[in-house]
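Chemist: Sharing a model prediction with you, sequence too.
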Amino acid sequence: MIYRSKAPLRIGLAGGGTDVSPYCDMYGGAILNATISLYAYASIELLSTNEIIIEAADRKESVRYEKADKLPIDGTLDLAKGVYNHIVTKYGPVNSGFKLTTFVDAPAGSGLGSSSTLMVTIIGAFAEWLRLPLGEYDIAHMSYHIERVELAMAGGKQDQYAATFGGVNFMEFYENNRVIVNPLRIKQKFLFELENNLLLYFTSTSRLSSTIIEAQSKNVTEKNEKSIEAMHQLKEQATMMKEALLKGEIDNIGKILDYGFRFKKQMAQGISNDNIDKLYESVLAAGATGGKISGAGGGGFMMFYCPGTTRYAVQQVLEQFGGELKQYRFTDHGLVTWSI
């Protein structure tokens, strides 16, 4: 028997960073994101031997242990080991050795929420195997708790909920880890137009998001007025984006993205750099009306809104910067699990 799961990665369209503590605890955060057809996958195969094998096929890493109630957190495949440790602690020892295999369609540090999506996917595979009574909010919160609290990895809350729920969502974040997910009913033709006009571009560089996020959190704690005001504006951007999508004012999205990008750079050092700024201005000169860095910033994926037929001129400009355009589709589902 094989137990499988997959969950979609996401692009953050507006409000990015306002889901990170302590900002969301103090002021409340809001984000609008959408899941896309890039995925994290997990498979659990039961073994006849009394051992645990964990393999990240995309990263060509693997570890092997004698079956135990706790695996060492030592910097190698800690996401998977953190899930296992949490599951065993909460639900009791598993009754079989197993091999857990994972794969993600985007590299770590790419800004599409790959680490948290992988966490959700691993939890999903265990839930399918062990028949755990977990709903969407349960899985998303468990993923957040393991990653942010038990493994002490810096970051926000949106990725876990996006991967679990899927679709286009307006999310609200409050103190005490309270999250409200509001699915948006957007007309299909509006999504088709956004999909056509929004280019997803990988800069061919990854970054350690935790460094940027820690600087952002420090700015809030130390009451850096410029940084906090930028976050307030990004929260407002999420509402602006929601209204544009629901009303079908799709060509306003470029301006809204540009509005957010210019404020996002004020949240913390490292979000942008000279190369990213040069690329961004070149894309605007070619006809794009706005764009942003996906995730914490500093590299990874970027997206650009290209009205009319300007996407073709923008593509030619992007080719000169050595990155890679990534094809995608919006998805309307989140985590799915099955066994066979």
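Modeler: Done, it's in. Residues are numbered from 1 along each chain as shown.
Chemist: so what pLDDT did the spatially most central residue of the chain get?
Modeler: Closest residue to the average C-alpha location of the chain: residue 113 at 2.0 Å, with C-alpha atoms, centre = their mean. On the pLDDT scale, residue 113 is placed at 92.
Chemist: nearest residue to it other than its sequence neighbours?
Modeler: residue 159 (3.3 Å; C-beta to C-beta, 6 or more residues apart in numbering). Backbone N, C-alpha and C define where each C-beta goes, glycine included.
Chemist: In what element of secondary structure is that neighbour found?
Modeler: helix 158-165 (DSSP states H and E).
Chemist: could you say what helices and strands that helix packs with?
Modeler: Judged by 3 or more C-beta pairs under 8 Å, 6 or more residues apart in numbering; DSSP states H and E, the packing partners of helix 158-165 are strand 2-14, strand 29-47, helix 114-130, helix 136-144, strand 168-174, strand 178-183.
Chemist: Need these in JSON lines (columns: mean neighbour count and distance to residue 273).
Modeler: Below are those laid out as JSON lines (neighbours: other C-beta atoms under 10 Å; distance: least, C-beta to C-beta, whole Å):
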{"stretch": "strand 2-14", "mean neighbour count": "26", "distance to residue 273": "19"}
{"stretch": "strand 29-47", "mean neighbour count": "22", "distance to residue 273": "24"}
{"stretch": "helix 114-130", "mean neighbour count": "26", "distance to residue 273": "21"}
{"stretch": "helix 136-144", "mean neighbour count": "21", "distance to residue 273": "29"}
{"stretch": "strand 168-174", "mean neighbour count": "22", "distance to residue 273": "28"}
{"stretch": "strand 178-183", "mean neighbour count": "15", "distance to residue 273": "31"}
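Chemist: Go through the ones you listed and name the closest to residue 218.
Modeler: For those, the distance to residue 218 is smallest for strand 29-47, at 17.0 Å, taking C-beta to C-beta.
Chemist: what's the angle from that closest one to strand 168-174?
Modeler: For strand 29-47 against strand 168-174, the angle by axes from the mean of the first three to the mean of the last three C-alpha atoms, to 10 degrees is 100 degrees.
Chemist: Let me see the mean pLDDT of strand 29-47.
Modeler: pLDDT averaged over strand 29-47 gives 97.
Chemist: Which pLDDT value belongs to residue 207?
Modeler: 52.
Chemist: ok, residue 314 touching residue 282?
Modeler: No - counting by C-beta atoms under 8 Å, residue 282 is not a contact partner of residue 314; they are 9.1 Å apart.
Chemist: Those two: which has the busier surroundings?
Modeler: Using other C-beta atoms under 10 Å as the criterion, residue 314 and residue 282 rank with residue 314 on top: 24 against 15.
Chemist: host element of that one?
Modeler: Counting by DSSP H and E, residue 314 is found in helix 311-319.
Chemist: now what about that helix, what contacts it?
Modeler: 196-197, 199, 201, 279, 282-283, 285-288, 304, 306, 325 (C-beta atoms under 8 Å, 6 or more residues apart in numbering).
Chemist: Next, format the residues you listed as TSV and append pLDDT.
Modeler: Compiled in TSV, the contacts of helix 311-319 are given as follows (pLDDT from 0 to 100):
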residue	pLDDT
196	97
197	97
199	97
201	94
279	91
282	96
283	96
285	97
286	97
287	97
288	98
304	97
306	98
325	94
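Chemist: For the residues you listed, which PyMOL command selects only the ones that are buried?
Modeler: Command for PyMOL that selects the buried part of these, burial taken from 16 or more other C-beta atoms under 10 Å:
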select buried, resi 197+199+201+279+283+286+287+288+304+306
